[in-house]
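Visitor: Provided below for reference: sequence and predicted model.
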Amino acid sequence: MGNVTIELIGELKELVVFLDKENESHWCAWFKRCLSMIENSDYQGIERVLGAYGGMGSFNDLVLTKKLEDGSYSMLPKANDYLDKLRNSISEKTNYIKHNHEINS
């Protein structure tokens, strides 16, 4: 396993903890599965991560909010900034791994 893959695993663990804390169960479960696959050197985990980034309703579209007493929603700027940082870094590392064959396929 290469250095970028090791870094990616660390960031995926961080993402899973963060998404769980934010009660984002769908994406938390998605990335837990990806993490397990990558930790077991299963290249499909890389493809699965990349698959989360495309199309309507994708991981790119996720915006963290909280429901207010009046029933409306408020964005969470700090949480969304942190999510964007992780989301971008994970995407970059995953694309690097895909193009440089850092995991055995």
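Guide: Sure, I can see it.
Visitor: for stretch 54-71, the distance to its chain's centre please.
Guide: A distance of 15 Å separates the centroid of the chain from that of stretch 54-71, by Cα atoms, centre = their mean, to the nearest Å.
Visitor: I'd like the mean pLDDT over that stretch, please.
Guide: Here stretch 54-71 scores 94 as its mean pLDDT.
Visitor: Which positions within that stretch qualify as buried?
Guide: Neighbour counts over stretch 54-71 (16 or more other Cβ atoms under 10 Å) mark F59, L62, L64 as buried. Glycine gets a C-beta too; all of them are placed from N, C-alpha and C.
Visitor: and if you look at stretch 81-92?
Guide: Under 16+ other Cβ under 10 Å, the buried positions of stretch 81-92 are Y82, L83, L86, R87, I90, S91.
Visitor: now the buried residues of stretch 54-71 in JSON lines, with distance to S72 and secondary structure?
Guide: Shown next, in JSON lines, are the buried residues of stretch 54-71 (distance: Cβ to Cβ, whole Å; DSSP: H, G, I helix; E, B strand; the rest coil):
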{"residue": "F59", "distance to S72": "24", "secondary structure": "helix"}
{"residue": "L62", "distance to S72": "19", "secondary structure": "coil"}
{"residue": "L64", "distance to S72": "15", "secondary structure": "coil"}
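Visitor: Sweet, I'm off.
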